[in-house]
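Trainee: next input, structure requested:
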Amino acid sequence: MPKTCFILNPKAGPSRRHDMPALIAQHFGALEADYEIWPTQYAGHAVELARQAASEGFRVVAAVGGDGTVNEVGRGLLGTDVALGIVPQGSGNGLARHLKVPLALPAALRRLAAPDFSRMDVGVMNGHPFFCTAGLGFDAHVSQHFAQAGSRGLSTYLRVTLREYRRYQPVPVRVDLDGRVETTNCYVLAFANASQYGNNAYIAPLADLRDGLLDVCLIDALPVGRAIKVSLGMALGNLPQSKAAEYFRVSKGRVTAQAPIGFHVDGDYLGHATEFEVELLPLALAVAV
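Mentor: Numbering: from 1, shown residues only. Just a heads-up that it's a prediction; the model follows:
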């Protein structure tokens with residue numbers, strides 16, 4: 001069994017309601033596995049802990065938390081051969097769902113005790129690595145307000161999305177996708193390494209973590225009729241077929257906005273900017289699932 005370090009976000013989802021160290025001990029301790037549990041203490045701490053775990057010889061570093069924790073641990077492991085594991089404990093669990101990691105704790109821990117090893121692509125937006133999705137426009141706007149909502153979960157996310165839909169105005173942008181240039185309004189411009197945002201909301205259902213390309217979803221406007229089609233397409237996983245969004249596959253992109261526009265990586269709002277550089281790092285991260 002691989003030597004495993006669990007990096008635990010004690011504030012993430014069900015982690016607050018369960019004795020996670022006891023649950024991990026129940027499954028890994030019974031197998032006499034070599035493991036340690038390191039809790040995070042502040043935002044960004046998981047990056048530091050992952051780097052430390054890699055330097056101390058762990059074969060797998062498992063993120064116990066949501067997409068934010070997964071992003072931090074993954075960032076800390078870039079440039080190493082140490083594999084990212086996931087024990088999904090967030091509200092969306094986008095990368096875990098794409099990788100078909102069981103969402104139930106016992107099943108996720110059993111899988112991690114005897115994982116399959118592989119590698120996956122990594123996206124980078126303005127120097128910020130992402131493993132699932134990154135984007136500009138309305139999804140980043142919602143991420144910003146969701147972070148300020150005071151509660152987590154799907155119901156809060158939907159409430160914030162519906163409220164902000166009535167307020168958001170798209171921004172004109174110039175988009176260069178592998179040399180294809182167009183000027184358009186940006187309601188949503190999503191760069192997808194994996195297929196979904198989380199909660200089985202499929203923004204790019206054909207995305208492949210190992211194809212060396214990002215799936216780009218562009219929505220230039222979102223009147224009510226199209227919003228319904230987009231919502232249904234994301235829920236059913238057939239948004240490309242709905243013709244409510246435009247899709248491209250690229251290895252890099254450049255975006256220039258006429259006004260500052262919000263952006264996110266893996267669901268975390270990072271601020272506003274007018275210039276964006278996006279690239280893909282093929283097979284840059286080892287994973288254990």
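Trainee: what helices or strands is the host helix or strand of Gly85 leaning on?
Mentor: Under the criterion of DSSP states H and E, Gly85 resides in strand 83-88. Packing partners of strand 83-88 (3 or more Cβ pairs under 8 Å, 6 or more residues apart in numbering; DSSP states H and E): strand 60-65, helix 67-77, helix 94-98, helix 105-113, strand 268-288. No exception for glycine: its C-beta is placed from N, CA and C like everyone else's.
Trainee: show residues contacting the lowest-mean-pLDDT helix or strand in the chain.
Mentor: Using mean pLDDT, DSSP states H and E, the weakest-scoring helix or strand in the chain turns out to be helix 154-165, at a mean of 86. Outside helix 154-165, the residues that touch it by Cβ atoms under 8 Å, 6 or more residues apart in numbering are 91-92, 138, 141-142, 145-146, 149, 199, 222, 227.
Trainee: and the buried ones among those residues, selectable in ChimeraX?
Mentor: The buried residues among the contacts of helix 154-165 can be selected in ChimeraX (16 or more other Cβ atoms under 10 Å) with this line:
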select :91,92,138,141,142,145,146,199,222,227
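Trainee: farthest pair in the contacts of helix 154-165?
Mentor: By the measure Cβ to Cβ, Ser91 and Leu222 form the most distant pair in these, at 23.2 Å.
Trainee: and the end-to-end length of stretch 213-230?
Mentor: Terminal residues of stretch 213-230 are spaced 23 Å apart (Cα to Cα, to the nearest Å).
Trainee: which parts of that stretch are buried?
Mentor: Buried, per 16+ other Cβ under 10 Å, within stretch 213-230: 213-220, 222, 226-227, 229-230.
Trainee: how far does that stretch sit from the chain's center?
Mentor: 19 Å (Cα atoms, centre = their mean, to the nearest Å).
Trainee: ok, the contacts of helix 154-165 vs Ala54, which is closest?
Mentor: When the contacts of helix 154-165 are ranked by distance to Ala54 (Cβ to Cβ), Gly92 comes first, at 25.8 Å.
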